[in-house]
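[1] Whatever this is, show me its structure:
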Amino acid sequence: MNKKEGNIICGFAGIGKSTLADEYLGFVDLESTPFEKDWYRYVKVATHMANNGYIVLLSCHKELRKELRSQNIDYLLALPPEDKKEEYIQRYKNRKNTDDFIELLSDNWYSFLSVMPNEKVIIVENYLQNSLLDIKRSNNERIKK
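    Prediction:
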């Protein structure tokens, strides 16, 4: 993963974005809620942070990814394996997400995991931190601690 590819990562809910940002320097979990679905502004803030050396972790809303693509911004899409639905639903319950959120993810699991053409995808078997460490190790890079 080169610097340009890895500066913005769109990660599925519950994949470990917040945990990664809490545990490692240089990572920022940029929550989408304050942007009220203003994807253009969300992307501008994310790219500003990425251009200043941070690895920015974003939500993976399809509309957000379309906005990234419309601005020709490279990103990685981090998704769980399709067969991990029940495990993720339990994660949402454990972290006390609302019933509405859990139902939304449960009802739309497969459609939310759909990938657009030419997206660079990493499948996260456990947590994002582990997958990124594996990618960086394979490229002889280190995540700052």
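
[2] so where do the strands sit in the chain?
    8-11, 27-29, 55-58, 76-79, 120-123 (DSSP state E).

[3] Could you tell me the average pLDDT over the fourth one, please?
    Across strand 76-79, pLDDT averages out at 94.

[4] The second one now?
    Averaging pLDDT along strand 27-29 yields 94.

[5] would you turn the strands of the chain into a markdown table with distance to L113 and mean neighbour count?
    All C-beta atoms are positioned from the backbone trio N, CA, C, and that covers glycine. Below are these laid out as a markdown table (distance: least, C-beta to C-beta, whole Å; neighbours: other C-beta atoms under 10 Å):
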| stretch | distance to L113 | mean neighbour count |
| --- | --- | --- |
| strand 8-11 | 12 | 24 |
| strand 27-29 | 20 | 19 |
| strand 55-58 | 16 | 24 |
| strand 76-79 | 6 | 22 |
| strand 120-123 | 10 | 15 |
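
[6] Please give me every residue in contact with the residue nearest to I55 when sequence neighbours are not counted.
    Excluding the flanking residues, the one nearest I55 by C-beta to C-beta, 6 or more residues apart in numbering is F27, at 5.0 Å. For F27, the contacting residues are 20-21, 54-57, 143, by C-beta atoms under 8 Å, 6 or more residues apart in numbering.

[7] List the buried residues of stretch 62-82.
    By neighbour count on 16 or more other C-beta atoms under 10 Å, the buried set for stretch 62-82 is 64-65, 67-68, 73, 75-80.

[8] Which parts of this protein are helices?
    3-6, 17-23, 39-51, 62-70, 85-94, 99-112, 128-138 (DSSP state H).

[9] Right, I'll leave it there.
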